[in-house]
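Enquirer: Sequence first, then the predicted structure:
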Amino acid sequence: MPEATRTPKEGSAPRVVVTRPLPEPWLAPLRDAGLELDVADRDAPMAPEALQARAPGAAALWVQLDDRVDAALLDAAGPSLRVVATFSVGTDHVDLQAAAARGVRVANTPDVLTDATADQGWALLLAVARRLREGHALVQRGEWDGWSPTRLLGTDLADRTLAIVGLGRIGTAMAHRGRAFGMRVAYHGPRPHPERAAELDARFEPDLDALVRSADVLSLHAPLTPSTRHLLDARRLALLPPHAIVVNVGRGSLIDEPALVAALREGRIGGAALDVFEHEPQVPAELLAAPNVALAPHQGSATRATRAAMAARCVDAILAALAEGGTA
Ligand code: DGY
């Protein structure tokens, strides 16, 4: 639609740009509130120019984790914009400073996806530790010829160290599951969390390198920022014990992906359980071919109830921001 037709006319309903097609029940509360919905018709990332072309005059943007919300987009939207709701807990794709400087509220979806994401981390971890991909493939190919004392021997997790980087909501949920599997928990982060740590009987490790050295499983839960980008780089990968499994259900760029691929290729680590990648949806061919990995298409929060709860959070944030601004 040309820009001129998107600029609100006096008295017209506030417009909400939604960057993916979403189920009607998720959108209904916005329609019921009398808002005009401008919903993308393709379930694919919108090109930045296309999003900028839709933005002028919008009161709210409901975006996804692969939409870049930068100063250019905020300026394209103009002074009508009150809120950006992102369908994710991560906000690394949003220029928070630029939004604050323009008085635009940013809302994300914490809490409601914690368990689903930790479940996904554990599903992938167990798949690597117990070689489920290889076992499944063997059975599926019809090549299973009966029980064997030595076939597909995996790794025990009980009595091993689960090293968590970032004991926030998802890191803590990952750690609770680890305790249920009989693991010891150690964690690193900007500060200790004595209450969470007491519940988990977890040890705070102020030195990230020391945490990495002690890890049987290293699970990354830090938010992606310039200072956490590539926190697991070639140097730190070299500190991991050779049997260690790396888990990442956070953001791909927490890991230097080529360095991880090299460590796997050279057998310097035990495996990798990955829900996220540096350049999604691209996954390096060598990772695809590696036997000791479990890979998923960024589906940590992908359960029906979780996604509906995330949608409700976005809807509530949009309605609250517009009500406050007197536009809904
Ligand atoms: C998030 O919410 O940031 C997740 O990565 C999406 O599943």
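Expert: Alright, I've got the coordinates. It should be emphasised that the depicted structure is a prediction, and the values quoted were computed from it without experimental measurement.

Enquirer: Check whether Val247 sits in a helix, strand or coil.
Expert: strand (DSSP: H, G, I helix; E, B strand; the rest coil).

Enquirer: Any buried residues in stretch 78-89, and which?
Expert: 80-89 (16 or more other C-beta atoms under 10 Å). Just so you know, the C-beta spots here come from the backbone N, C-alpha and C atoms, and that holds for glycine as well.

Enquirer: Near the ligand, which residues of the stretch 151-300 of the chain? Just list them.
Expert: Gly300 (C-beta under 6 Å from any ligand atom).

Enquirer: just so I have it, where are all the helices in the stretch 51-200 of the chain?
Expert: 71-77, 96-101, 114-129, 132-140, 169-180, 194-200 (DSSP state H, counting those that start in this stretch).

Enquirer: could you dump the first one to CSV, C-alpha only?
Expert: Right, the one you point to is helix 71-77. Presented in CSV, the C-alpha positions along helix 71-77 are these (Å, rounded to 0.1, in the frame of the first residue of the first chain):
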residue,chain,number,x,y,z
ALA,A,71,15.9,4.2,14.3
ALA,A,72,15.0,4.2,10.6
LEU,A,73,11.9,2.1,11.2
LEU,A,74,10.9,4.1,14.3
ASP,A,75,11.3,7.3,12.3
ALA,A,76,9.4,5.9,9.4
ALA,A,77,6.5,5.2,11.8
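
Enquirer: Next, count neighbours for the closest residue to Thr109 other than its chain neighbours.
Expert: Nearest residue to Thr109, sequence neighbours excluded (C-beta to C-beta, 6 or more residues apart in numbering): Met310, at 4.1 Å. Met310 has 24 neighbours, counted by other C-beta atoms under 10 Å.

Enquirer: TSV for the buried residues of stretch 78-89, including pLDDT and distance to Ala198?
Expert: Shown next, in TSV, are these (pLDDT from 0 to 100; distance: C-beta to C-beta, whole Å):
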residue	pLDDT	distance to Ala198
Ser80	98	48
Leu81	98	43
Arg82	98	41
Val83	98	37
Val84	98	37
Ala85	99	35
Thr86	98	33
Phe87	98	34
Ser88	98	30
Val89	98	25
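
Enquirer: filter those residues down to the ones close to the ligand.
Expert: 88-89.

Enquirer: all strands for the stretch 151-300 of the chain, in order.
Expert: Ranges of strands in the stretch 151-300 of the chain, per DSSP state E, counting those that start in this stretch, are 161-165, 184-188, 203-204, 217-220, 245-248, 271-274, 293-295.

Enquirer: Quick check: which of those strands is nearest to Gln140?
Expert: Checking the strands of the stretch 151-300 of the chain against Gln140 by C-beta to C-beta gives strand 293-295 as the closest, at 15.9 Å.

Enquirer: Quick one: mean pLDDT over the following helix or strand past the closest one.
Expert: Going down the chain from strand 293-295, the next helix or strand is helix 304-324, by DSSP states H and E. Across helix 304-324, the average pLDDT comes to 98.

Enquirer: repeat for stretch 263-272
Expert: 98.

Enquirer: Can you give the distance of it from its chain's centre?
Expert: Distance of stretch 263-272 from its chain centroid, counting by C-alpha atoms, centre = their mean, to the nearest Å, is 23 Å.

Enquirer: In it, which residues are buried?
Expert: Buried, per 16+ other C-beta under 10 Å, within stretch 263-272: 263-264, 269-272.

Enquirer: How about stretch 95-108?
Expert: Result for stretch 95-108 [16+ other C-beta under 10 Å]: buried residues 95, 98-99, 104-108.

Enquirer: That stretch near the ligand anywhere?
Expert: No: using C-beta under 6 Å from any ligand atom, stretch 95-108 never reaches the ligand; the gap is at least 7.4 Å.

Enquirer: Can you tell me what sits against that stretch?
Expert: 69-71, 74-75, 81-86, 88-91, 94, 313-314, 317-318, 321 (C-beta atoms under 8 Å, 6 or more residues apart in numbering).

Enquirer: pLDDT and distance to Val246 for the buried residues of stretch 95-108 - can I get that in a markdown table?
Expert: Conversion of the buried residues of stretch 95-108 to a markdown table gives the following (pLDDT from 0 to 100; distance: C-beta to C-beta, whole Å):
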| residue | pLDDT | distance to Val246 |
| --- | --- | --- |
| Asp95 | 98 | 29 |
| Ala98 | 98 | 33 |
| Ala99 | 98 | 33 |
| Val104 | 98 | 36 |
| Arg105 | 98 | 36 |
| Val106 | 98 | 30 |
| Ala107 | 98 | 31 |
| Asn108 | 98 | 25 |
